[in-house]
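In: No sequence on hand, only this structure:
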């Protein structure tokens, strides 16, 4: 059985498979769907071999999508079949806007894509996810839809169009507070207000908290770049869930987890915190430059804690990712 580590390990993020290396949220560009219409996404998604983009809503070939629907983005799995993610929400002139539901999907061999685990929600503004909004506005590599009859010169990067943020729902008192530098009290407040239990503080630096959820999932919030020339507080927060590696994990599946759950980073450390314990971790790093609201930090933590168990199950082929998973077989029998 996998044992959850109770302390921080500084892991080394793994590179994604060749088709996905170099992805950057800062380089949005038109990506063509199988129906011929376009939406704004990482430009490498449109260039990488084997990627497929299928849109369920209204589609005008050669034009940007505007309207509600589901985008199924998938790519070939090294072990056969396909992996992917389904994003359900609203596209405005090709850009995701507002709440978008994200669901991991996979196929067995040439079979249809089926849901894997539970969906989670991410907020987008002008194609930029919430975890990026508080760092800086996402930039656009190009807005020009490629011509099918000529080879165009490399597009020139252009700034993202200005957009007014949509009205936000009422937040609990204090959630609108802007945090430009994190203190130990800030991290403790976040943990307590989302309803989790603090196990210890100061284990990994003065500004660090180890805590657990009601289900027993242990996680760490660690302040980074603390007491610098720019601030007495910490300018970043490293949110992590870590597991002991037992030899059954593979770098291929850890790399795939990076593609499947883009909001987090999956990594492997050969030595772990004590230098002797191989470790697999799931992380979400927050940069506090220009300020991040307390409510957004809570959302970042909740997203990490929703994704980590699913990613771990995928990496170790457990739960819904276990070979011959019974509920999966029932799903195929009933639906297909």
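Out: That came through fine. Keep in mind the model is a prediction, meaning the values are calculated, not measured.
In: At the geometric centre of this structure, which residue do we find?
Out: residue 263 (1.2 Å; Cα atoms, centre = their mean).
In: That one looks like it's in a strand, true?
Out: No: using DSSP: H, G, I helix; E, B strand; the rest coil, the assignment for residue 263 is coil, not a strand.
In: residues in contact with it?
Out: 102, 122, 129, 131, 284, 303, 304, 307 (Cβ atoms under 8 Å, 6 or more residues apart in numbering). (C-beta placed from N, C-alpha, C; glycine too.)
In: What subset of these is buried?
Out: Among the contacts of residue 263, those classed as buried by 16 or more other Cβ atoms under 10 Å are 102, 122, 129, 131, 284, 303, 304, 307.
In: confidence score at the first one?
Out: Spelled out, that is residue 102. For residue 102, the pLDDT comes out at 84.
In: 34 is where my numbering starts, stick with that
Out: Sure, I'll start numbering at 34, so the last one becomes residue 135.
In: re earlier: among the contacts of residue 296, which one lies nearest to residue 146?
Out: Using Cβ to Cβ, residue 135 is the member of these that sits closest to residue 146, with 14.0 Å.
In: ok but the closest one is inside a helix, no?
Out: No: under three-state DSSP, residue 135 sits outside any helix and is assigned strand.
In: isn't it right up against residue 120?
Out: Yes: here residue 135 reaches residue 120: they are 5.5 Å apart, a contact under Cβ atoms under 8 Å.
In: on that earlier part again, looking at the contacts of residue 296, which is nearest residue 85?
Out: The closest of those to residue 85 turns out to be residue 135 (Cβ to Cβ; 16.9 Å).
In: Distance-wise, check residue 343 relative to residue 315.
Out: Distance, residue 343 to residue 315, using Cβ to Cβ, to the nearest Å: 9 Å.
In: out of these two, which sits in the more crowded spot?
Out: The neighbour comparison of residue 343 against residue 315 (other Cβ atoms under 10 Å) goes to residue 315, with 28 against 21.
In: Who does the more buried one form a beta bridge with?
Out: residue 274, residue 299 (DSSP bridges).
In: pretty sure it contacts residue 340?
Out: Yes: between residue 315 and residue 340 a contact is recorded at 6.6 Å, counting by Cβ under 8 Å.
In: Residue 242 pairs with what?
Out: Bridge pairing for residue 242 - DSSP bridges - gives residue 234, residue 254.
In: all strands of the stretch 84-233 of the chain, in order?
Out: Ranges of strands in the stretch 84-233 of the chain, per DSSP state E, counting those that start in this stretch, are 85-88, 100-109, 115-125, 128-139, 147-148, 153-158, 161-162, 211-212, 230-234.
In: in the fourth one, what counts as buried?
Out: The one in question is strand 128-139. 128, 129, 130, 133, 135, 136, 137, 138, 139.
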